[in-house]
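*Asks:* what's the 3D shape of this:
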Amino acid sequence: MMKDVITEQRKIIKEIYGSEDAVPQVFIPYKEMNTYYNYNNGELAKWLPDDIIIMYAEDNQNYLRQTSTSYERSRSGGLGIYYHSSYWGSPKSYLWLNSTPVYLMYEELKKAYDTGSQTYWILNVGDLKPGEILTEFFMTMAFDINKYNDKNLTGFYVKQGMRDYNLSENEARLYAQSMADYSRYIQTKKPEFFGYQSSGGISQPSFSASRAFPFSITQHGDEGQIRVDEWNKLVDDLYSLYEKMDDDTKCAFYQQVLYAALSNRNRTEEYVYYWKNNLYAQQGRYASAKAYQNLSQEAVRRIDEDQSYFGALNSGKWKRIINYDHPVSYYGTNEGILKVKESMYQKTSPSHGVGAVCEGQRLPGDDVTLKFHSLADNQRFIDIFGKNDTYENYIIECDDFIILSKTRGQVYTEERIIASIDWSKLNDGENYGFIRVYNADENYNKEGLANEFKVAAYKTSIVLEKNSYMEANGFVSINAVNYTEMLPSPDGSYWGVVNNLGKSGGAVKAFPDLSKKVTGNYEEESAKLIYRIYFTSTGTFNGVVHRIPTLNEGFENGIARSCHIGVGLSGGKVNILKGNRETSGTWADNVMRGYEVLPFTITIDSPGYYDLVIYKIDSSICFDKIIISTSETDESLTGPPVSPNNISYSKGKIGNVPKEVLDFMPQVLIQPFGDVAVKAGTVSEINLAYGPGLEVVCENTGIAALEYKNNKLRIYGIKEGIANVTLKTSSGMQRFTVTVIDDTNAFLEIGGEVVISFKDILDKPYVFAAASSDNIHYFAKSGDSLQVLPNTGKNWLDAASALNSPKLSIKVKFTKRGTYYVAGNFSNPDASSDSFYFGVNGNVLFSSATSNNR
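*Replies:* Numbering: from 1, shown residues only. Model prediction:
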């Protein structure tokens with residue numbers, strides 16, 4: 001059929017232009033057409049007229065499907081490449097942010113060029129606005145393939161940043177490094193590739209849970225939180241540049257750079273915190289589950305807010321050019337991002353006390369040992385969390401060789417304790433101990449075991465040989481670029497480093513791209529990478545190679561191409577690892593994961609040094625990570641931290657508990673007990689553990705006094721009445737009332753002070769005994785104060801007659817002996833009405849007009 005179509009098309013060209021080759025023609029074996037193109041050992045390629053350009057397409061997900069054969073390179077028409085930086089289709093559309101990693105694009109385009117695709121290039125950029133910078137890079141490579149490479153690619157961003165955003169050279173270098181990190185992060189997880197099981201429809205995309213490939217929130221220092229922390233640093237770095245720009249430059253920088261970084265950060269927080277909410281609810285983290293739900297939903301809100309801001313820039317010039325949602329009613333589908341729905345979050349019932357889990361545990365009872373190694377000098381974390389709606393106290397005990405960042409405290413949501421080892425206190429070999437977390441009372445006395453954790457600390461005095469690794473903490477984990485030795489093959493093939501390709505900062509690749517396949521005698525004929533490893537464990541161990549999921553469809557000399565490498569111990573059997581070569585089988589999983597997992601096994605008979613060898617079989621194969629599990633299982637996305645070595649080593653990171661979680665307090669604070677009633681002269685105490693950030697405000701201090709201390713709210717009843725109280729935290733407030741009931745008929749002295757308010761004096765006669773005078777004068781309310789009426793100018797000049805004046809008898813209950821000073825607020829209508837007499841128990845002591853007022 002295709003032969004007929006092409007034949008008829010060329011007839012039309014000849015009729016109009018005079019010859020079949022009068023105008024340039026290109027044949028693009030795209031999608032299913034590529035399968036037909038390769039049918040019968042590439043029969044169609046051999047049939048195509050020589051002048052037609054053959055343009056290979058990648059798999060729509062940034063990986064070339066195939067490169068040219070020797071026959072195709074010999075044709076006069078030449079070869080080309082059709083590449084995507086945005087795509088609608090399987091296994092998941094990525095239409096939002098043009099999220100193609102620039103280093104992956106570089107590698108695939110360079111491979112295309114070096115294998116003959118030098119005549120015609122096309123970029124399917126999708127929505128142009130988010131792809132402006134990537135389009136420029138594509139065109140720069142098309143015009144000058146040697147201008148940039150994986151070692152100097154940041155120079156492209158330095159030049160572009162200085163040109164477009166008026167950055168200084170130092171600022172441009174920070175920008176360029178941020179873009180290199182950006183490329184690495186989205187190689188690990190594109191923002192469109194987060195999801196959960198969804199059947200899809202017009203309202204939301206379809207998604208397979210088996211292809212979610214989440215970050216681990218339990219292993220390797222909390223991998224998910226580490227990635228959140230990394231995104232936040234990248235955003236902070238970009239903001240530091242943004243804040244110095246003028247308004248016009250800010251618009252460009254936001255649209256081309258900052259918006260994509262913010263959106264990736266928000267998507268990562270949305271899902272990492274959603275995963276934490278679900279797991280932490282299972283663990284019984286009562287407040288933490290709520291806090292992480294809030295953070296996840298806040299990330300969703302920011303996604304909407306940032307998109308709206310983008311649309312409003314430049315007076316709405318680019319409104320709707322950016323949209324994370326892509327509903328298409330014609331097809332009944334949505335090709336946008338899958339956002340976490342309200343119903344997906346989990347809640348847990350309150351319990352009491354604290355709980356604790358350690359790194360590696362999903363549930364508190366899981367059998368996990370915290371492993372340490374002296375050459376790794378690594379740290380581990382323990383999370384202590386509250387199980388109810390109050391602050392709880394805890395203490396931690398451990399063996400003396402274990403160092404903890406904290407051994408006691410108070411927790412409402414969670415607190416991350418960092419554990420390390422004092423190696424000076426240990427002997428060589430395995431050392432064992434325990435960390436025990438206890439509930440504690442307000443004086444930090446133990447009240448019950450919350451959890452205990454086993455510790456195994458391996459100390460060694462071995463000094464590693466040059467450029468070698470040591471098994472540690474149940475793994476051998478190697479970043480592929482840090483090899484012990486590279487040995488080229490007799491035909492000149494070799495393994496070379498490709499910087500910033502993959503998730504680990506770089507990958508190794510089998511060069512050159514047109515080198516021949518090695519079919520046997522690998523020890524002699526293959527280029528080899530050697531990794532020298534000291535094993536302390538013995539047995540048969542499972543290992544994996546993380547391969548960049550490039551493809552290699554088609555045939556060469558009638559033989560189907562492949563994606564093979566060899567792995568084995570030096571002098572032993574070579575295991576052939578067969579990677580997926582085409583857009584079927586495990587292709588979709590590999591795309592969504594960002595790498596292909598190639599498993600192998602090795603056997604270690606006795607402790608000591610071994611050389612792990614990677615053999616080149618097919619050209620262009622890239623990989624970035626090797627992991628051998630000696631006693632632990634890796635469930636992460638990016639793999640364990642690198643094992644101790646003397647090539648390039650840094651300690652593994654530990655994710656930080658977000659400040660918003662540490663500061664979190666519930667929006668409704670006091671709902672469980674509502675309003676409070678106390679008796680005057682007594683103290684009521686309520687457990688209210690909301691930490692030191694709680695502020696207590698009482699609007700009626702003459703009625704009640706409140707004090708918050710040691711997780712308890714103490715309410716002192718002073719006199720009968722109703723006091724309005726507000727409790728405030730960083731996350732909200734709650735109001736309630738304190739009703740003071742007086743059965744003592746007295747004001748209460750608290751802490752050596754009595755506060756008497758006359759505002760409602762005549763309404764409380766059992767507290768204030770008021771008597772009229774012998775000449776019809778009396779006390780009456782006047783606003784918030786009292787006044788002697790009628791105002792006839794009458795006064796009482798001495799103590800004797802004062803006893804016959806209008807008077808108030810106010811009962812006070814004193815609990816503390818001592819001298820009390822009296823102060824009052826009063827005013828006088830005229831000079832003769834300027835004083836009052838004060839007495840105790842019927843004895844006049846002084847006049848307010850005298851200086852001896854005590």
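*Asks:* Where does pLDDT dip in the stretch 1-150 of the chain?
*Replies:* Residue ranges of the stretch 1-150 of the chain with pLDDT under 70: none are present.
*Asks:* all helices for it, in order.
*Replies:* Secondary structure of the stretch 1-150 of the chain (DSSP state H, counting those that start in this stretch): helices at 2-17, 32-37, 39-47, 70-74, 102-114, 132-143.
*Asks:* now those helices in TSV, with mean neighbour count and distance to residue 59?
*Replies:* Glycine gets a C-beta too; all of them are placed from N, C-alpha and C. Listed next are the helices of the stretch 1-150 of the chain as TSV, based on neighbours: other C-beta atoms under 10 Å; distance: least, C-beta to C-beta, whole Å:
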stretch	mean neighbour count	distance to residue 59
helix 2-17	12	21
helix 32-37	16	9
helix 39-47	14	18
helix 70-74	14	19
helix 102-114	22	10
helix 132-143	16	17
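*Asks:* For residue 508, find the nearest of these.
*Replies:* helix 102-114 (12.0 Å; C-beta to C-beta).
*Asks:* for that closest one, packing partners?
*Replies:* Applying 3 or more C-beta pairs under 8 Å, 6 or more residues apart in numbering; DSSP states H and E, one finds that helix 102-114 makes contact with strand 79-84, helix 132-143, helix 169-188, strand 494-499.
*Asks:* can you list the ones you listed in a markdown table and add distance to residue 60?
*Replies:* What follows is those, written out as a markdown table (distance: least, C-beta to C-beta, whole Å):
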| stretch | distance to residue 60 |
| --- | --- |
| strand 79-84 | 5 |
| helix 132-143 | 15 |
| helix 169-188 | 16 |
| strand 494-499 | 22 |
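*Asks:* and the ones you listed, which is most packed in?
*Replies:* Mean neighbour count (mean count of other C-beta atoms under 10 Å) peaks for strand 79-84 among the helices and strands packed on helix 102-114, with a mean of 22.
*Asks:* residues contacting residue 628?
*Replies:* 471, 475, 476, 477, 533, 541, 542, 543, 602, 612 (C-beta atoms under 8 Å, 6 or more residues apart in numbering).
*Asks:* of those, buried ones?
*Replies:* Buried members of the contacts of residue 628, counted by 16 or more other C-beta atoms under 10 Å: 471, 475, 476, 477, 533, 541, 543, 602, 612.
*Asks:* just the residues you listed now: which is nearest residue 486?
*Replies:* Proximity of the buried ones among the contacts of residue 628 to residue 486 (C-beta to C-beta) peaks at residue 612, which lies at 13.4 Å.
*Asks:* Assumed that closest one was part of a strand.
*Replies:* Yes. Counting by DSSP: H, G, I helix; E, B strand; the rest coil, residue 612 is found in a strand.
*Asks:* how close does residue 641 get to residue 268?
*Replies:* Applying C-beta to C-beta, to the nearest Å, the value for residue 641 to residue 268 is 20 Å.
*Asks:* ok, now residue 529?
*Replies:* Note on residue 529: its distance to residue 268, by C-beta to C-beta, is 32 Å.
*Asks:* would you turn the buried ones among the contacts of residue 628 into JSON lines with secondary structure, pLDDT and distance to residue 68?
*Replies:* Output for the buried ones among the contacts of residue 628, formatted as JSON lines (DSSP: H, G, I helix; E, B strand; the rest coil; pLDDT from 0 to 100; distance: C-beta to C-beta, whole Å):
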{"residue": "471", "secondary structure": "coil", "pLDDT": "98", "distance to residue 68": "43"}
{"residue": "475", "secondary structure": "strand", "pLDDT": "98", "distance to residue 68": "40"}
{"residue": "476", "secondary structure": "strand", "pLDDT": "99", "distance to residue 68": "38"}
{"residue": "477", "secondary structure": "strand", "pLDDT": "98", "distance to residue 68": "37"}
{"residue": "533", "secondary structure": "strand", "pLDDT": "99", "distance to residue 68": "39"}
{"residue": "541", "secondary structure": "strand", "pLDDT": "99", "distance to residue 68": "40"}
{"residue": "543", "secondary structure": "strand", "pLDDT": "99", "distance to residue 68": "34"}
{"residue": "602", "secondary structure": "strand", "pLDDT": "98", "distance to residue 68": "37"}
{"residue": "612", "secondary structure": "strand", "pLDDT": "99", "distance to residue 68": "34"}
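*Asks:* Show me the two of these that sit farthest apart.
*Replies:* Maximum distance among those (C-beta to C-beta): 14.7 Å, for 477 and 602.
*Asks:* Can you list the low-confidence ranges for the stretch 551-700 of the chain?
*Replies:* By pLDDT under 70, the low-scoring segments of the stretch 551-700 of the chain are 666-674, 688-693.
*Asks:* let's go with 90 and repeat that
*Replies:* The model of the stretch 551-700 of the chain has pLDDT under 90 over residues 557-558, 585, 650, 663-700.
*Asks:* for it, what spans make up the strands?
*Replies:* In the stretch 551-700 of the chain, the strands defined using DSSP state E, counting those that start in this stretch lie at 555-556, 559-560, 563-569, 575-579, 596-604, 608-616, 622-629, 676-679, 683-687, 695-698.
*Asks:* The stretch 401-550 of the chain now?
*Replies:* Using DSSP E, counting those that start in this stretch, the strands of the stretch 401-550 of the chain run over 402-404, 408-411, 414-421, 429-440, 446-459, 468-470, 475-479, 485-487, 494-499, 506-511, 528-535, 539-547.
*Asks:* So for residue 232, which of those strands sits nearest?
*Replies:* Ranking these by proximity to residue 232 (C-beta to C-beta) places strand 414-421 first, at 16.5 Å.
*Asks:* avg pLDDT for that closest one?
*Replies:* Mean pLDDT, strand 414-421: 98.
*Asks:* before we move on, the earlier item: export the buried ones among the contacts of residue 628 to TSV and tack on distance to residue 636?
*Replies:* Output for those, formatted as TSV (distance: C-beta to C-beta, whole Å):
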residue	distance to residue 636
471	18
475	11
476	15
477	10
533	21
541	18
543	15
602	21
612	21
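*Asks:* Please parse this structure into its domains.
*Replies:* Here the domain parsing of the chain from automatic domain parsing is 27-152, 354-462, 468-629, 665-744, 761-847.
*Asks:* Make JSON lines out of these and add distance to residue 260.
*Replies:* Listed next are those as JSON lines, based on distance: least, C-beta to C-beta, whole Å:
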{"stretch": "domain 27-152", "distance to residue 260": "5"}
{"stretch": "domain 354-462", "distance to residue 260": "30"}
{"stretch": "domain 468-629", "distance to residue 260": "17"}
{"stretch": "domain 665-744", "distance to residue 260": "31"}
{"stretch": "domain 761-847", "distance to residue 260": "61"}
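*Asks:* between the ones you listed, which gets nearest to residue 259?
*Replies:* domain 27-152 (7.9 Å).
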